[in-house]
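Peer 1: Need a 3D model of the sequence below.
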Amino acid sequence: MKTLITSLACALALTSSVAFASDPTEDKKAKPLQIGVFTTKEAKIQLAVRKSAGQNAVITLRDAKKNVLHEEVMTKKSEKFDGRFDVSNLKDGDYTLEIVSGNEKIEKQVSIKSSKEEVSLQRSVQLNK
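Peer 2: All right, here's what the predicted structure looks like:
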């Protein structure tokens, strides 16, 4: 009986130490800045940003002359952003989508071109790699 109680106590102690050693809420390594970006059929830009908590992130859309056309700020507490940018009012040309968080920076080049068809004006948005 004494060995059974000793074995149970040892098993419980080992289980407790393993549970504390692998705390899932503890962030052992900061997550890198990650984005997902694509265009929609409606000629809009869909953007998803994932980052670590504890740092701000700034999402900026710039024209070819580096003028800021739109800017979004993710707070330190926020870890994700999902948004859709309507670029239908922008002139044809090249643009830059820039995401900066801490010392990480991701840039995506965007080209907007209109093509005239006999019946209607069709617009396309393209992400350049």
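Peer 1: Please, which helix or strand holds Q126?
Peer 2: Element membership for Q126, per DSSP states H and E: strand 121-128.
Peer 1: That strand pairs with which strands, parallel or anti?
Peer 2: According to DSSP bridges, strand 121-128 has the following sheet partners: strand 104-116 (antiparallel).
Peer 1: can you tell me which residue is nearest the centre of this structure?
Peer 2: V49 (1.1 Å; CA atoms, centre = their mean).
Peer 1: related to what we said a few turns ago, using neighbour counts, pick out the buried residues of the strand holding Q126.
Peer 2: V125 (16 or more other CB atoms under 10 Å). C-beta coordinates here come from the backbone N, C-alpha and C atoms, glycine included.
Peer 1: Can I get it as CSV, trimmed to CA atoms?
Peer 2: This file holds the C-alpha atoms of strand 121-128, laid out as CSV (Å, rounded to 0.1, in the frame of the first residue of the first chain):
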residue,chain,number,x,y,z
LEU,A,121,-14.6,49.5,-69.1
GLN,A,122,-12.9,46.6,-67.3
ARG,A,123,-10.4,47.1,-64.6
SER,A,124,-7.8,44.7,-63.2
VAL,A,125,-5.5,44.8,-60.2
GLN,A,126,-2.3,42.7,-60.2
LEU,A,127,0.2,42.0,-57.4
ASN,A,128,3.7,41.9,-58.8
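Peer 1: Show me what that strand is in contact with.
Peer 2: 37-39, 43-45, 87-88, 108-116 (CB atoms under 8 Å, 6 or more residues apart in numbering).
Peer 1: Which of those residues are buried, as a ChimeraX select command?
Peer 2: Under the burial definition 16+ other CB under 10 Å, those of those that qualify are selected in ChimeraX by:
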select :37,39,43,44,45,87,108,110,112
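Peer 1: Just the helices from this protein, written as ranges.
Peer 2: Secondary structure of the chain by DSSP state H: the helices cover 2-21.
Peer 1: what about it, any weak spots by pLDDT?
Peer 2: For the chain, applying pLDDT under 70 flags the ranges 1-30, 116-121, 129.
Peer 1: and with 80 instead?
Peer 2: Within the chain, the stretches with pLDDT under 80 are 1-31, 115-124, 129.
Peer 1: Show me the beta-bridge partners of the residue lying closest to L33 once chain neighbours are set aside.
Peer 2: Excluding its sequence neighbours, the residue lying closest to L33 (CB to CB, 6 or more residues apart in numbering) is E104, at 4.2 Å. Legend: beta-bridge partners of E104 under DSSP bridges are S101.
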